[in-house]
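>>> Next comes the sequence, and after it the predicted model I'd like to discuss.
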Amino acid sequence: MDTWKEFEANELTHSGAHHLLAIHEVGAMYGGWARVSDIARLLNITRGSVSINLRTLKKRGWVETDEHRLVRLSPKGRKVVHAVMAKRVIVKTFLCEVLGVPEPQAEIDSCKIEHLISHSTGERLVQFLQFLTSGAPVSRQLLKQFRAFHAVCPESRTCEVCNGQCLIDELKHAI
Amino acid sequence: MSADGLDIVDDLNRLMAEEAEACLRYFHMRFRLREEEYALAARFFEDAVNETLEHAASIAEQIRSLGHVPTLRINLSLGGGPVRLEAALGEALEVEQQALDAYKDLLPRVAGDPVLEPFIRRQVEVETEHVDEIRDFVKTNGVVKLLPREA
């Protein structure tokens, strides 16, 4: 039951992921180089915070700086950014296309977990999406049936999924 | 007020946030130093707290004199645990250098303004002095390897 500690052990924090994505976005307009001020403006935080956070990213070998204090992604950092962006697309596609989550919510949720899921889970999600969109009768049928499916809880409020406690009730009562 | 005037108010709000955030960092930082290093640097950080707070207040006054209410946006969560003086001063230098760069960036945009230009020019001088003070402190106490000074 120590899985929650994995969250803390994650090398790439949510803040770190957004800094790397911001460097990528700003740098795209200036040959890969980004100014701390532009990163700060994009993330809506102070330059001081950006500068402090960049120290950690630099230590990890994800960013490089020059003598004018410009910043760019290292080759290793670019790989991290591409992986994060890919996972965001994968999760968002899954949420929108399969689960039918509205796009704005899917955008928010995919942003929250893009850097947390493992590469192998990302790969399996892609394979699952490929299966569902393969056009095979069984996958078409599965998707069609899922979209038409409306969960109805039994009187007992427990089913095979919930196994003793109604999860939908838990979500409804969540803050 | 013109669009450029509003942009300048935005920039002043950002500068105020830089100073206020730096103030909180310094406030917190000194308490994370170990005993011996705390004794060495507590006064230094206390002065920095006062100075950054004064700067934030003077920027807020400038925003008010332009007919606006200052907007302070800070998103800060500072971790606990002890910190070495070397790391603390390294962080202080980063923060001060960024504040100095922010004032320098704003200077050409307020050129010709009878109030803002001398104010920002003065802030550039003060921040430059402060960066130098930190460098001197570091040099005197020999705690950190410094990056070469910018030409």
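Structure's in. What do you need?

>>> Might you report the residue contacts of residue B:103?
B:15, B:120, B:123, B:124, B:127 (CB atoms under 8 Å, 6 or more residues apart in numbering or on different chains). No exception for glycine: its C-beta is placed from N, CA and C like everyone else's.

>>> How many residues are close by the fourth one?
Right, the one you point to is residue B:124. 18 (other CB atoms under 10 Å in any protein chain shown).

>>> In stretch A:80-99, which residues are buried?
A:80-81, A:83-84, A:87-88, A:90-96, A:98 (16 or more other CB atoms under 10 Å in any protein chain shown).

>>> how about the residues of chain A near chain B?
Residues of chain A found near chain B (CB under 8 Å from any CB of the partner chain) are A:36-37, A:40, A:44-52, A:55, A:67-69.

>>> okay, among the contacts of residue B:103, which ones form the most distant pair?
Comparing all pairs in the contacts of residue B:103 by CB to CB, the longest separation belongs to B:15 and B:124, at 11.4 Å.

>>> Tell me where chain B has helices.
B:3-31, B:35-65, B:85-106, B:116-141 (DSSP state H).

>>> So which of these is the most surrounded?
Comparing the helices of chain B by mean neighbour count (mean count of other CB atoms under 10 Å in any protein chain shown), helix B:85-106 ranks first with a mean of 21.

>>> quick check: angle from that one to helix B:35-65?
Between helix B:85-106 and helix B:35-65, the angle comes out at 20 degrees (axes from the mean of the first three to the mean of the last three CA atoms, to 10 degrees).

>>> Tell me how chain A divides into domains.
Using automatic domain parsing, the domain ranges for chain A come out as A:11-73, A:84-133.

>>> Flag the shaky bits of chain B, pLDDT-wise.
B:1-4, B:142-151 (pLDDT under 70).

>>> So which residues on it come close to chain A?
B:14, B:17-18, B:21-22, B:25, B:73-76, B:90-91, B:94-95, B:97-99, B:101-102, B:105, B:148, B:150.

>>> again, 6 Å this time
B:17, B:18, B:21, B:22, B:75, B:91, B:94, B:95, B:98, B:102 (CB under 6 Å from any CB of the partner chain).

>>> For the fourth one, give its distance to residue B:49.
Here the criterion is CB to CB, to the nearest Å. By it, residue B:22 lies 9 Å from residue B:49.

>>> Check residue A:37 too.
24 Å.

>>> now residue B:14
Separation of residue B:14 from residue B:49 (CB to CB): 20 Å.

>>> next one: residue B:41
Distance, residue B:41 to residue B:49, by CB to CB: 12 Å.
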